[in-house]
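> Have a look at this prediction, sequence included:
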Protein chains: 2
Amino acid sequence: MSVTSAQGFEAAGIAIGLKSSGGKDLALVVNRGPRHSSAAVFTSNRAKANPILWSQQVIADGTVSAIVLNSGGANCFTGPQGFQATHATAEAVATELGVSAGDVLVCSTGLIGEQLDTGKLLPGVATAAAALSADGGADAAEAILTTDSHPKTAVIERDGWTIGGMAKGAGMLAPGLATMLVVLTTDASLASDQLDRALRAATRVSFDRLDSDGCMSTNDQVSLLASGVSGIEPNADVFAEALREICLDLARQLQGDAEGAAHDITIEVVGAVSEEDAVEVGRSVARNNLFKAAVFGNDPNWGRVLAAIGTTSAPFDPYAVDVSMNGIRVCHAGAPDQSRDLVDLTGRAVHVLIDLHEGQRAATILTNDLTHDYVHENSAYSS
Amino acid sequence: MSVTSAQGFEAAGIAIGLKSSGGKDLALVVNRGPRHSSAAVFTSNRAKANPILWSQQVIADGTVSAIVLNSGGANCFTGPQGFQATHATAEAVATELGVSAGDVLVCSTGLIGEQLDTGKLLPGVATAAAALSADGGADAAEAILTTDSHPKTAVIERDGWTIGGMAKGAGMLAPGLATMLVVLTTDASLASDQLDRALRAATRVSFDRLDSDGCMSTNDQVSLLASGVSGIEPNADVFAEALREICLDLARQLQGDAEGAAHDITIEVVGAVSEEDAVEVGRSVARNNLFKAAVFGNDPNWGRVLAAIGTTSAPFDPYAVDVSMNGIRVCHAGAPDQSRDLVDLTGRAVHVLIDLHEGQRAATILTNDLTHDYVHENSAYSS
């Protein structure tokens, strides 16, 4: 049910011919209220797509009535014509729903540098509005996919209130704030500033810790809409915890479906002086192509882990570092420990534990291996 | 002839069984003087191999009598036993040549985290010393190779003096100062501080601009030894220019033999506010796996170039950027320009020209594409 699991929301997902596959490519999510408090985080890529530039204005007042999302084109680096396409889309949604265009978020995903076909998009908005339904969450989750192999949805229910969500993302998966399209809805009764705090806290330790291929997208957006239908205002910590949980769930789903990946790699860095150091160390390993290729080959090549750590600015002593892979400590105090032959990497899940022995802080980065399928998917056709 | 092209140098390259292939794996280069002025630059990776830790001490006084280099093992993250192996190797060279161990540079390359077999290495030094010859440059250039498909050598002759060099490097090719093993020799008569200035200036715009796979090695070293045999002290600018030329030649050879690469990509960034900005922009594109995979697929996917630029801190306006690929301007002022179908990427050489239109500075980064062969070479066995 995804974005329609919480009360007060309707959604639709339809095919309007933007995708050459003919699959669903336009999603609409509407908050029927009574509240319309909202929050959103956006890619930190300085090359921002037109829908990002638009949506940053929309979210400024914390009020959102609807989100329209298309796959089949990123509408990024498309000039003034591209921005007009985004604006026109929001206006079309506003007209259909009787709301202000300034309360309509827009998301696009697909190839950069191609104009969207507004001749299909604008009539499509009317069709999507007519298809809105309290059961439309699954269709919407399908319509936002690009190279994803399946929809990603999640639902968390608490005492009288619910958070639901959908996500898409398989390539260009590296944090910039958000790194994909995600829509979260809740019927909890919260103000936009409360949502904003919870959303930033949750994305910081979920989507921002997902770094599948080191490539930051131009179009990423995570939105959270609250309808207030439940009439319940949850404790801030309880809500934040639930939101973090659903964001981590969706982040894991994105990791599990990353383009061409054969392994889901969890890089846990402990013993760091600061959390920022731990993140930097984890990310350096996550972005090391040699390490990623070794994991694809089921090779516990821990030297590549240490070579990556050495490129960071995090405090560490190369002769104090421990590295374990899937439970086998292969490096102790910067020297060989247990035999690498004991490490079994044949499963999909790989756990790398790095202990810097410098402090008390930790962070976990999620990544994937570098595979032939990744190269194939990103070289055989434009995406 | 490589390192023995300049007068005053002898070299040898022999097989001592460190490489499982049975190929040559120990090189020795000796400066017979009269001068022994020298300079060296080392990886900036904070995880430094034992030979780097040793050689940094050796170069401190600017005097080097010999360099011993082994392939078949990086001697990195091997603990105190590993450092002792490096020290013992230098002592063995010193004993054979009648010089001080403190004037013997050591280089190692191969798998990280495995101990070197000193039972083979130390007797091997004696064998290599016995094989020293003024014609030994080619053997030495062969003995330092790992996954390289062929030796890389270069020679530049000027008025009465010569610079020769050899290089190895095919993976973990990203700058950290040096990113590979390089030995340069000259019979020009220069002091070590003159060599140091010229070497730093040359590596900064050659090896430091080579970023094949974004992975910085733990073992890289570029050394320059001067014998003074010619008796000629070249003009500093003339020598610096010759040194830059031979470094660029060797860097291009490394790029052309990068692991699994199918394209040599030159990323030229112009119109930057500073050279540092231009380097950052070029490097962000060079390290973008999606862009690199697209080039492998002969796909001029310029959106991935812009998405990479957006991750930098360099001043630029996304709506002012121009991008050309192999002479076709596919993006003008941040919007589509000429058709991407006009771009021919079927050849090995790819030229990406990025004009930021912000200033007058420029830099060129050399990189490679991301291919199935790269994944294969770095996953199918440990290296």
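It's in.
> Can you report how many residues lie near A:Ala335?
For A:Ala335, the tally of surrounding residues (other Cβ atoms under 10 Å in any protein chain shown) stands at 16. Quick note: C-beta positions are derived from backbone N, CA and C, even for glycine.
> residues contacting the residue nearest to A:Thr118 when sequence neighbours are not counted?
The shortest distance from A:Thr118 to any non-neighbouring residue, by Cβ to Cβ, 6 or more residues apart in numbering or on different chains, is to A:Ala85 (5.1 Å). Contact partners of A:Ala85, counting by Cβ atoms under 8 Å, 6 or more residues apart in numbering or on different chains, are A:Asn50, A:Asn75, A:Thr78, A:Gln115, A:Leu116, A:Thr118, A:Leu121.
> Compile these into JSON lines and extend it with columns for secondary structure.
As requested, the contacts of A:Ala85 are arranged in JSON lines below (DSSP: H, G, I helix; E, B strand; the rest coil):
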{"residue": "A:Asn50", "secondary structure": "helix"}
{"residue": "A:Asn75", "secondary structure": "coil"}
{"residue": "A:Thr78", "secondary structure": "coil"}
{"residue": "A:Gln115", "secondary structure": "coil"}
{"residue": "A:Leu116", "secondary structure": "coil"}
{"residue": "A:Thr118", "secondary structure": "helix"}
{"residue": "A:Leu121", "secondary structure": "helix"}
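> pLDDT check: weakest of those?
The member of the contacts of A:Ala85 with the lowest pLDDT is A:Thr78, at 85.
> so what's the backbone phi/psi at that residue?
phi -120, psi 10 (degrees, to the nearest 10).
> Surely it and A:Gln115 touch.
Yes: using Cβ atoms under 8 Å, A:Thr78 makes contact with A:Gln115 at a distance of 5.3 Å.
> More neighbours: the two, which one.
For A:Thr78 and A:Gln115, the more surrounded residue by other Cβ under 10 Å is A:Thr78, and the numbers stand at 25 against 14.
> Please, where are all the strands along the stretch 201-350 of chain A?
A:221-226, A:264-272, A:322-325, A:328-332, A:335-336, A:349-355 (DSSP state E, counting those that start in this stretch).
> What of the stretch 1-150 of chain A?
A:9-14, A:26-31, A:37-42, A:66-70, A:104-108.
> So which residues of chain A form helices?
Taking DSSP state H, the helices of chain A run over residues A:50-58, A:79-97, A:118-130, A:137-143, A:192-204, A:236-256, A:275-286, A:289-296, A:302-309, A:372-377.
> picking up where we left off before, and the strands of the stretch 201-350 of chain A: which comes nearest A:Lys24?
Among those, strand A:221-226 comes nearest to A:Lys24, with 19.0 Å by Cβ to Cβ.
> quick one: is the closest one near chain B?
No: Strand A:221-226 lies apart from chain B when judged by Cβ under 8 Å from any Cβ of the partner chain; the minimum separation is 14.9 Å.
> I'd like to know which elements that strand is packed against.
Here strand A:221-226 touches strand A:26-31, strand A:37-42, helix A:50-58, strand A:104-108, strand A:181-186, helix A:192-204, going by 3 or more Cβ pairs under 8 Å, 6 or more residues apart in numbering or on different chains; DSSP states H and E.
> quick one: low-confidence parts of the stretch 151-300 of chain A?
A:170-180, A:214-215 (pLDDT under 70).
> Report the closest residue of it relative to chain B.
A:Gly297 (3.0 Å; Cβ to the nearest Cβ).
> Give me the neighbour count for that residue.
The burial count for A:Gly297: 21, using other Cβ under 10 Å.
> Put together a markdown table for the helices and strands packed on strand A:221-226, with mean neighbour count on each row.
Listed next are the helices and strands packed on strand A:221-226 as a markdown table, based on neighbours: other Cβ atoms under 10 Å in any protein chain shown:
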| stretch | mean neighbour count |
| --- | --- |
| strand A:26-31 | 29 |
| strand A:37-42 | 24 |
| helix A:50-58 | 22 |
| strand A:104-108 | 28 |
| strand A:181-186 | 30 |
| helix A:192-204 | 20 |
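> how about CSV for these, with distance to A:Pro315 added?
Formatted as CSV, the helices and strands packed on strand A:221-226 follow (distance: least, Cβ to Cβ, whole Å):
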stretch, distance to A:Pro315
strand A:26-31, 45
strand A:37-42, 29
helix A:50-58, 35
strand A:104-108, 40
strand A:181-186, 34
helix A:192-204, 22
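> nearest to B:Glu96, of these?
helix A:192-204 (59.0 Å).
> which other helices and strands contact the closest one?
strand A:37-42, strand A:221-226, helix A:236-256.
> got any residues that touch both of A:Thr78 and A:Gln115?
Contacts common to A:Thr78 and A:Gln115, judged by Cβ under 8 Å, 6+ apart, are A:Ala85, B:Pro336.
> okay, the residue nearest to A:Thr118: pLDDT?
Reading off the model, A:Ala85 has pLDDT 96.
> and A:Asp277, how many neighbours?
Quick note: A:Asp277 (other Cβ under 10 Å) scores 23 neighbours.
> Please name whichever of the helices and strands packed on strand A:221-226 is nearest to A:Val64.
Nearest of these (Cβ to Cβ): strand A:37-42, 3.7 Å.
> and the closest one, anywhere near chain B?
No: residues of strand A:37-42 are not located near chain B by Cβ under 8 Å from any Cβ, the shortest gap being 12.2 Å.
> If I take that strand and helix A:50-58, what angle do their directions form?
Here strand A:37-42 points in a direction 140 degrees away from that of helix A:50-58 (axes from the mean of the first three to the mean of the last three Cα atoms, to 10 degrees).
> For strand A:37-42, what is the distance to the chain centroid?
Computed by Cα atoms, centre = their mean, to the nearest Å, the chain-centroid distance of strand A:37-42 equals 14 Å.
> I appreciate the help and will end here.
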